[in-house]
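In: Build the 3D model from these lines:
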Amino acid sequence: DQNAVAQPVFAFDLGNEADGELTLGGYDDTKFTGEITWVTLAEPKYWLIDIEDIKIGESSTGATNGIVDSGTSLITGPRAEISKIANSVGATANLLGQYTIDCAKVPTLPNLEFQINGKTWAVPGKDLVIQAQGTCLFALMGMDIPQGPKWILGDVFMRQYYTIFDYGNKRVGFATPTY
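Out: Alright, predicted model coming up:
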């Protein structure tokens, strides 16, 4: 306990086509608009939260859990769920366990919606794809974690929301970014 920061809080503004920012010791209220939605951690270990549902098109997971993690680039989930989602949007698995999708489909992809704490947090369909060198990578990847979280809400999710990690109160907050 060195009291090196004002509060045991840190926050990410990952930017949308712009530089991101990490704030230590609190959060920057100029980086978001409206209210912060606070979500109490289901378990403080790994920032685990309860997720009421995850939907895309007609596909729905039902109640599950996940962690919010800036160290994971993609959104990961159970292999069977990711496979179902990928198939529903026409993405094709490659040998590395990732999915590619026809770049022409990107404008018509449905939103991926997370029901967390009674509120819908959407990732627009166009943001579920990473385009590089003429290839469109579907930004969801299957990963079965034994006795761990079912889902990892990585940078693809966090880029959509100003995200606050409040260690002192064992909660994570989401707000609408100013960009």
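In: ok, how many other residues are close to residue 33?
Out: Each residue near residue 33 was counted by other CB atoms under 10 Å, and the total is 11. Bear in mind the C-beta positions are built from the backbone N, C-alpha and C, glycine included.
In: I figured it hits residue 178, correct?
Out: Yes - taking contacts as CB atoms under 8 Å, residue 33 lies within contact range of residue 178: 5.8 Å.
In: biggest strand in the protein by residues?
Out: In the chain, taking DSSP state E as the definition, the longest strand is strand 32-40.
In: So which elements touch that one?
Out: strand 48-51, strand 162-166, strand 171-177 (3 or more CB pairs under 8 Å, 6 or more residues apart in numbering; DSSP states H and E).
In: mind redoing it with 7 Å?
Out: Packing partners of strand 32-40 (3 or more CB pairs under 7 Å, 6 or more residues apart in numbering; DSSP states H and E): strand 171-177.
In: Parallel or antiparallel, which strands does the lowest-mean-pLDDT helix or strand in the chain pair with?
Out: Ranking every helix and strand in the chain by mean pLDDT, DSSP states H and E puts strand 59-60 at the bottom, with a mean of 89. Note on strand 59-60: by DSSP bridges, its sheet partners are strand 53-56 (antiparallel).
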